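Novice: Got a predicted structure here, sequence first:
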Amino acid sequence: YVTTPRSQDQIITTSTAYYGPRLDTNPSTLAPAGLLVEEARVQYAQYSQNFGTGWTSPGGATTITTASGVTSPDGTSQMALLTQTNTSGLIYGNSTGLTTTGTNYVSSGYFKAGASSPAPYFEIAFTDVSGSYAIAYFNSSTGAYVTSAAARGSIVSYGSTLISNGIWRCWVVASFTTITTGLRSLLNVASDTSGNTVAGQTGYVWGAQVEAGSFPTSYIPNPTSSTVTRTADVVQFNGVPLAALRKTPLTLAVEAQIPYPINNYAIVGSAGVGSPVDLLAVNNGLQTNALVYDSTAGNVSVSNGSANWSSIARAVMATSAAGSSVDISGGTVATTSTPLGTNRTSYNFGLMERDNGANQLSGWVRSAAIYNQRLPDAKLKSLSVVGAPW
């Protein structure tokens with residue numbers, strides 16, 4: 001969603017912000033990625049784009065030039081230029097509320113190598129006055145992870161994504177055993193993997209983000225000295241599709257990309273008060289199975305396969321009075337004599353009720369199909385192959 005239209009490519013057609021489905025694209029290739037559905041997250045990093053406010057460099061070792069003229073991922077020219085003046089350059093940003101030990105926190109930021117004496121590494125980290133820290137280094141040319149280190153805590157995971165024009169989004173997930181005053185974000189362009197710098201080295205940063213969770217979500221701008229919350233995406237079926245989902249016989253097929261594996265989430269799930277039904281779900285941290293779930297019958301049918309949801313995968317289910325079937329990515333169709341009770345008030349993409357929405361899908365729904373009949377198992381198997389026509 002957009003709250004401030006960009007004059008260069010948007011025309012203001014309403015006086016208030018419009019919050020609708022987020023049809024996303026691959027940030028590097030600009031190919032359609034699908035409908036983005038994410039859980040709620042709190043952005044703790046203050047002044048996440050304006051590095052001239054709320055960000056400091058100890059001893060002035062790094063000069064921060066805001067609005068450098070380099071195009072940032074949001075289409076503006078506000079990537080901040082970092083210029084190192086000695087061997088210990090870095091910048092700290094303030095965060096609020098990051099004080100819970102044993103919790104996974106994610107720090108991320110957008111980096112681009114400088115044009116003059118570029119530093120060979122991007123550095124992104126958490127630090128605390130107690131001496132707790134978690135640091136990850138990335139190659140500024142390739143974006144590849146190089147190494148990491150932690151004290152009074154541990155690195156959980158890390159990664160990077162090419163955005164465009166040499167810009168990388170780098171992130172690190174860490175958990176700490178000791179936090180004294182609260183974690184703060186550290187960003188740096190370094191000459192080595194000890195955080196050292198060389199006078200004259202440069203690099204660009206934009207879009208700092210700190211959030212609680214085991215993986216990064218889409219960027220949440222925060223121009224304030226407090227926090228900003230992005231509410232969960234709730235994408236409900238209405239009209240003819242909802243009417244079809246509430247009846248049997250029924251066949252439902254969905255192609256999706258879910259890059260970060262978690263347990264127990266619905267691809268299409270029920271909502272509202274009452275007996276929950278997940279018409280199609282993944283119930284395995286390895287993301288290799290698909291299932292149909294009904295609170296009165298448990299897992300109605302489970303299909304194990306070799307799906308790679310972090311890339312792209314498909315799951316298909318069918319139900320009738322005679323029973324239910326489910327398949328995933330061309331695997332073996334699982335069939336049961338238990339029919340699925342589908343007469344629910346509403347259905348959503350990516351949100352289940354049985355966990356109170358706690359394990360919401362965070363990924364892209366690429367396409368979906370609904371049939372008002374229970375298709376044969378052989379047809380389910382062919383439909384579950386990525387790229388097969390609906």
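Specialist: Thanks, I have the structure now.
Novice: can you count the residues close to Thr147?
Specialist: Neighbour count of Thr147, defined by other C-beta atoms under 10 Å: 12. Using the backbone N, CA and C atoms, a C-beta is placed for each residue, glycine as well.
Novice: Now do Ile370: how many residues are near it, please.
Specialist: 19.
Novice: How about Gly34?
Specialist: As a burial measure, Gly34 scores 20 neighbours (other C-beta under 10 Å).
Novice: Strand partners (parallel or antiparallel) of the helix or strand hosting it?
Specialist: Element membership for Gly34, per DSSP states H and E: strand 32-37. Sheet pairing of strand 32-37 (DSSP bridges) gives strand 22-25 (antiparallel), strand 363-371 (antiparallel).
Novice: Send me that strand as CSV with only the CA atoms.
Specialist: Provided in CSV are the C-alpha atoms of strand 32-37 (Å, rounded to 0.1, in the frame of the first residue of the first chain):
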residue,chain,number,x,y,z
PRO,A,32,5.2,-10.6,-11.4
ALA,A,33,5.6,-12.3,-8.0
GLY,A,34,2.0,-12.6,-7.1
LEU,A,35,-0.3,-11.4,-4.3
LEU,A,36,1.9,-10.6,-1.2
VAL,A,37,0.3,-11.8,2.1
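Novice: what's the average pLDDT for it?
Specialist: For strand 32-37, mean pLDDT is 92.
Novice: where do the strands sit along the stretch 1-150 of the chain?
Specialist: Assigned strands in the stretch 1-150 of the chain, in chain order: 22-25, 32-37, 41-43, 55-56, 62-65, 80-84, 91-93, 105-113, 121-127, 133-139, 145-151 (criterion: DSSP state E, counting those that start in this stretch).
Novice: The stretch 201-350 of the chain now?
Specialist: Under DSSP E, counting those that start in this stretch, the stretch 201-350 of the chain gives strands at 202-212, 228-230, 235-236, 250-257, 265-271, 277-282, 289-294, 298-304, 313-320, 323-328, 334-336, 346-349.
Novice: what's the closest of those to Tyr145?
Specialist: When those are compared by C-beta to C-beta, strand 202-212 sits nearest Tyr145, at 17.0 Å.
Novice: buried stuff in the closest one?
Specialist: Buried residues in strand 202-212, counted by 16 or more other C-beta atoms under 10 Å: Thr202, Gly203, Tyr204, Val205, Trp206, Gly207, Ala208, Gln209, Val210, Glu211.
Novice: Any idea how many residues pack against Trp390?
Specialist: Other residues close to Trp390 by other C-beta under 10 Å number 10.
Novice: Gly75 too?
Specialist: 11.
Novice: And it, how far from Leu35?
Specialist: Gly75 sits at a distance of 22 Å from Leu35 (criterion: C-beta to C-beta, to the nearest Å).
Novice: coming back round to it: for Val282, find the nearest of the strands of the stretch 1-150 of the chain.
Specialist: Val282 lies closest, by C-beta to C-beta, to one member of the strands of the stretch 1-150 of the chain: strand 32-37, at 13.5 Å.
Novice: tell me how far that closest one is from the chain's mean position?
Specialist: Mean-position distance between strand 32-37 and its chain equals 11 Å (C-alpha atoms, centre = their mean, to the nearest Å).
Novice: got the buried residues for it?
Specialist: Under the neighbour-count criterion of 16+ other C-beta under 10 Å, strand 32-37 has Ala33, Gly34, Leu35, Leu36, Val37 buried.
Novice: ok, now stretch 302-318?
Specialist: Val302, Ser303, Gly305, Ala307, Trp309, Ile312, Ala313, Arg314, Ala315, Val316, Met317, Ala318.
Novice: Ignoring the adjacent residues along the chain, who's closest to Ala253?
Specialist: Leaving aside its sequence neighbours, Ala253 sits nearest to Val316 (C-beta to C-beta, 6 or more residues apart in numbering; 4.2 Å).
Novice: For that neighbour, list each beta-bridge partner.
Specialist: Ala253, Asp327.
Novice: surely it meets Gly330?
Specialist: No - look at Val316 against Gly330 with C-beta atoms under 8 Å: they stay out of range, at 10.0 Å.
Novice: okay, and the common contacts of these two?
Specialist: Here Val316 and Gly330 share the contacting residues Ser384, scored by C-beta atoms under 8 Å, 6 or more residues apart in numbering.
Novice: Can you report how many residues neighbour Asp101?
Specialist: To be clear, residue 101 is Thr; Asp isn't right here. Thr101 has 12 nearby residues by other C-beta under 10 Å.
Novice: Pretty sure it sits against Thr178.
Specialist: Yes - between Thr101 and Thr178 there is a contact under C-beta under 8 Å: 6.7 Å.
Novice: For the residue nearest to Ala253, give me its contacts.
Specialist: Applying C-beta under 8 Å, 6+ apart to Val316 gives the contacts Thr251, Leu252, Ala253, Val254, Leu280, Ala290, Val326, Asp327, Ile328, Leu380, Leu383, Ser384.
Novice: Quick one: buried ones out of those residues?
Specialist: Neighbour counting by 16+ other C-beta under 10 Å classes Thr251, Leu252, Ala253, Val254, Leu280, Ala290, Val326, Asp327, Ile328, Leu380, Leu383, Ser384 among the contacts of Val316 as buried.
Novice: picking up where we left off before, and the strands paired with strand 32-37 as CSV, adding mean pLDDT?
Specialist: What follows is the strands paired with strand 32-37, written out as CSV (pLDDT from 0 to 100):
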stretch, mean pLDDT
strand 22-25, 88
strand 363-371, 94
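Novice: Buried deepest among the ones you listed, which one?
Specialist: For these, average neighbour numbers computed from mean count of other C-beta atoms under 10 Å are highest in strand 363-371, which has a mean of 19.
Novice: Let me know the closest of the buried ones among the contacts of Val316 to Ser57.
Specialist: Val254 (47.7 Å).
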